[in-house]
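Novice: Provide a 3D model corresponding to the input given below.
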Amino acid sequence: MTSQPRIGVELPAAAVNGLLAQGSDLAGLLDASGTGYAVLGADRAQGADRAQGAPSLNPTVAATLLARRTTCIGLVVAASPQRDHPYNVARRVASVDHISHGRVGLLGLFRDSSVDLGIGDGSTWTDRTIGTEELTDALLAARALWRTWPFASLDPDPGIAEATRLPYADHVGIFSTKGPLNVPTTPQGEPLVFWSAPSGQLADQLSAASIADVVFTDADDVTMALADAVADLAAAGRPLQLHARARTLAEAEALIAAPGIAGVLVRPSAEELRDVLTNLPSPAAVASRNGTLRDRLGVPARVEPDLSDNEIAFPSLAKESA
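Specialist: Numbers count the residues shown, from 1 in each chain. Sure, this is the predicted structure:
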């Protein structure tokens, strides 16, 4: 961990929609600010974007636009298994991670209230309620899928390419999926996974949220006992960062030295966004913004899910290279 906490900014729906406006300078503001990453689509969980008059631009589409217009900002895309099967989520997010050269993360939502599938409020492709068990299973399925097509299989050296195994995901659970994914592993290995714990629920959700690399939480929920629990998870091979939510820059500055907190997520309104971006610490004052999102946040790759013993997707190729 660097001496300076990582700083993220949650983009309101109105700002995301503004990406389509001619002359939008949001991408330039983000790149020039001290922001380590931007979160897109988080307000879709409560349907806040609809309350503003129109559904927000799909987070994956918005991230694709920003990936082409920025060079260093991390892009965290919100998605819910209530809206899409984990295979579709994994495929889209991995694709944007390639486009951005490894700057993308996935924020798992319990619900995407922005778009209904079918007729009537809440109609979706599944009638199952998405709770902590369901969201954890969906994120685990995505993690497994991201590991099914190693990029080394595309190496120009035939010896390396042919010796690379392409395992099935073989994820069995609420969202069972065999794979493999039709997108190879990304520049950072796989996208980072984020989880947002509702106010007062970090203690109850910590075990489930440990599927993630980063958890958004209220600073008041980070007790010494929880900080110790996070350290125990890291020792067990599940490194986890807690990033505290802040409404204003003043709140964010007060949280910088808070124990147990590795980063801060500022959540401005659309009217406050420009002021926040222009008054954040300069890029030189924050943790490195070069390289992948994994590198700049200092998140190590996880061992799990381990697919090394899984059935090979293309056994005939493996036999030819043997």
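Novice: okay, now the unreliable bits of this protein?
Specialist: Low-confidence segments of the chain, defined by pLDDT under 70: 1-5, 22, 47-55, 115-127, 155-164, 281-290, 315-322.
Novice: tell me which stretches of it form strands.
Specialist: With DSSP state E applied, the chain shows strands at 6-11, 37-40, 74-79, 104-108, 192-196, 214-217, 241-246, 263-266, listed in chain order.
Novice: mean neighbour count and distance to residue 179 added to the ones you listed, as TSV?
Specialist: Every C-beta, even on glycine, is put in place using the N, C-alpha and C of the backbone. Formatted as TSV, those follow (neighbours: other C-beta atoms under 10 Å; distance: least, C-beta to C-beta, whole Å):
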stretch	mean neighbour count	distance to residue 179
strand 6-11	26	30
strand 37-40	27	26
strand 74-79	27	18
strand 104-108	28	17
strand 192-196	25	17
strand 214-217	26	25
strand 241-246	24	28
strand 263-266	25	32
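Novice: out of the ones you listed, flag the one nearest residue 272.
Specialist: Nearest of these to residue 272, taken as C-beta to C-beta: strand 263-266 at 9.2 Å.
Novice: now the spatially most central residue of the chain: how far from residue 278?
Specialist: The centroid of the chain falls nearest to residue 106 when counting by C-alpha atoms, centre = their mean (2.2 Å). Distance from residue 106 to residue 278, counting by C-beta to C-beta, to the nearest Å: 28 Å.
Novice: quick one, helices of the stretch 101-250 of the chain?
Specialist: 132-145, 158-163, 202-209, 224-235, 249-255 (DSSP state H, counting those that start in this stretch).
Novice: make CSV from these and add distance to residue 101 and mean neighbour count to it.
Specialist: Output for these, formatted as CSV (distance: least, C-beta to C-beta, whole Å; neighbours: other C-beta atoms under 10 Å):
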stretch, distance to residue 101, mean neighbour count
helix 132-145, 20, 23
helix 158-163, 22, 12
helix 202-209, 28, 18
helix 224-235, 27, 14
helix 249-255, 27, 16
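Novice: which of those helices sits closest to residue 305?
Specialist: That would be helix 132-145 among the helices of the stretch 101-250 of the chain, by C-beta to C-beta, at 4.6 Å.
Novice: for residue 108, give me its contacts.
Specialist: Contact partners of residue 108, counting by C-beta atoms under 8 Å, 6 or more residues apart in numbering, are 78, 79, 80, 81, 135, 138, 139, 193, 194, 195, 212.
Novice: repeat that for 6 Å
Specialist: Going by C-beta atoms under 6 Å, 6 or more residues apart in numbering, residue 108 touches 135, 139, 195.
Novice: distance of it relative to residue 309?
Specialist: 26 Å.
Novice: likewise residue 242?
Specialist: With distances taken as C-beta to C-beta, residue 242 is found 33 Å from residue 309.
Novice: residues near the closest residue to residue 67 other than its chain neighbours, how many?
Specialist: Excluding the flanking residues, the one nearest residue 67 by C-beta to C-beta, 6 or more residues apart in numbering is residue 100, at 3.7 Å. Around residue 100 there are 26 other residues, counting by other C-beta atoms under 10 Å.
Novice: now residue 100. Its backbone dihedrals?
Specialist: Here is the backbone geometry of residue 100 (degrees, to the nearest 10): phi -90, psi 0.
Novice: how much space between it and residue 72?
Specialist: Here the criterion is C-beta to C-beta. By it, residue 100 lies 10 Å from residue 72.
Novice: again, but for residue 7
Specialist: Distance, residue 7 to residue 72, by C-beta to C-beta: 13 Å.
Novice: got it, and residue 78?
Specialist: As for residue 78, its distance to residue 72 is 21 Å (criterion: C-beta to C-beta).
Novice: for residue 300, same thing?
Specialist: Separation of residue 300 from residue 72 (C-beta to C-beta) stands at 21 Å.
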